[in-house]
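> Quick one: sequence plus predicted model below, questions after.
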Amino acid sequence: MIPKRIYRYYKVEHGICVLRDREIRTSIPSSLNDPFELWPNIDPAQFTQRQCEAVLRQRHYIDDAYKREGRMRGFSNRKEFKRWYLKSIPERAARLLPKVPKNVESVRQNFPDLFSKYWRLVCASQVFDSVLMWSHYAANHTGLVLGFNTTEVPFSQIGLDCWLTVNYSNKKPDYRYATDNRTFRRNMFAVAGNKAAKWAYEKEIRIILATTAIREERFLPLTPESVAAVYYGCRISRTDKNAVEVALRDTRFHHVERSQGFLDEQTYALRFDNS
């Protein structure tokens, strides 16, 4: 289920850029701050003779083989080569099997780069009042949190399968190789939806975006209506808060809620009052 609001923690200057440029800078999966990200378990045993044959039947493997071997073997066109290549697959798979463990380890180590080839991430939270996240991502409470309305464009146009509620566990996720695009995508997303249990306080929501669907393969354009709220850190300076308010003077942001953070008097918690 997609929450109606999601939240992102920012330093003041970065939050102002989001409001001014009306776009979110997405994350490159291979550059996330947790080195365990997209580092799954891949069991070599899943690659049987039959599975290896299925892998070798994929179009890009045939194309690569044609480039390497076609002319050398005297084939004048891809169609003739493919007919011969398909007959040779059982033998090729048998030669491939002993190399599977080494190849699997290579895939595992390059998994973040493979994921980044196709997708970017918008990492957000389901909460705006996490003391730890304010400390880690909003410059020790001197920054801000932006709340986004997911019922508005662009969020309302993103497919349901691209929204991941992160699962936190002490065990790495298992990845199963797939030859068809739909299963490949689903299995890749399943890995991206898992993090170590120590990160559970983030209550993270992830949005997966194809690199081809965003500006310069990096930026998600926003509509003014999609910006719902601004939460100011309890240590934000008057100068920085005024700078944010200047960015919010745009009449298209007249609906945006503002709240000021304070330290709760009785507990180790934050409270937010309308400002």
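That came through fine.

> Give me the sheet partners of the helix or strand hosting F272 and which way each runs.
Taking DSSP states H and E as the definition, F272 sits inside strand 270-274. According to DSSP bridges, strand 270-274 forms sheet pairs with strand 257-263 (antiparallel).

> List the contacts of the partner strand.
Residues outside strand 257-263 that contact it (Cβ atoms under 8 Å, 6 or more residues apart in numbering) are 129, 134, 141, 147, 228-234, 236, 248, 270-275. Backbone N, C-alpha and C define where each C-beta goes, glycine included.

> on that earlier part again, buried ones in the strand holding F272?
270, 272 (16 or more other Cβ atoms under 10 Å).

> one step back: filter the contacts of strand 257-263 down to just the buried residues.
Looks like these have 129, 134, 141, 147, 228-234, 236, 270, 272 buried, using 16+ other Cβ under 10 Å.

> Looking at the residues you listed, spot the one nearest V244.
V230 (6.5 Å; Cβ to Cβ).

> quick one: the closest residue to K117 other than its chain neighbours from Y118, how far?
Sequence neighbours aside, T211 is the residue nearest to K117 in space, at 7.8 Å (criterion: Cβ to Cβ, 6 or more residues apart in numbering). Counting by Cβ to Cβ, to the nearest Å, the separation of T211 from Y118 is 6 Å.

> try A139
32 Å.

> For these two, work out which one has more neighbours and name it.
Between A139 and Y118, A139 has the larger neighbour count (other Cβ atoms under 10 Å), namely 20 against 15.

> my guess is the more buried one meets K11, correct?
Yes: A139 lies in contact with K11 (Cβ atoms under 8 Å); the separation is 4.6 Å.

> coming back round to it: inside strands: which ones of the buried ones among the contacts of strand 257-263?
Taking DSSP state E, the ones among those that sit in strands are 147, 228-232, 270, 272.

> could those residues be laid out in a markdown table, adding distance to L222 and pLDDT?
As requested, these are exported to a markdown table (distance: Cβ to Cβ, whole Å; pLDDT from 0 to 100):
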| residue | distance to L222 | pLDDT |
| --- | --- | --- |
| G147 | 12 | 98 |
| A228 | 11 | 98 |
| A229 | 14 | 98 |
| V230 | 14 | 98 |
| Y231 | 17 | 98 |
| Y232 | 20 | 98 |
| L270 | 26 | 98 |
| F272 | 22 | 98 |
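
> could those residues go into TSV alongside distance to S88?
Output for these, formatted as TSV (distance: Cβ to Cβ, whole Å):
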residue	distance to S88
G147	58
A228	59
A229	61
V230	63
Y231	62
Y232	66
L270	65
F272	66
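
> any idea which element T179 lies in?
Using DSSP H and E, T179 falls outside every helix and strand.

> and it, what does it touch?
Here T179 is in contact with 54-55, 57-58 (Cβ under 8 Å, 6+ apart).

> repeat for L248
19, 230, 256, 258.

> Double-check L38 against A190; I have them as touching.
No: taking contacts as Cβ under 8 Å, L38 lies outside contact range of A190: 11.1 Å.

> Between these two, tell me which one has more neighbours.
L38 (24 against 16).

> three-state assignment of the more buried one?
For L38, the assignment made with DSSP: H, G, I helix; E, B strand; the rest coil gives coil.

> Any figure for the gap between it and N187?
Counting by Cβ to Cβ, the gap from L38 to N187 is 12 Å.

> One more: L144?
For L144, the distance to N187 - Cβ to Cβ - is 37 Å.

> Please say which of the two ends up with more neighbours.
L144 (30 against 16).

> Please tell me I have it right and the more buried one contacts V230.
Yes: the criterion here is Cβ under 8 Å, and L144 meets it with V230 at 5.9 Å.

> next one: phi and psi at H60?
phi -70, psi -30 (degrees, to the nearest 10).
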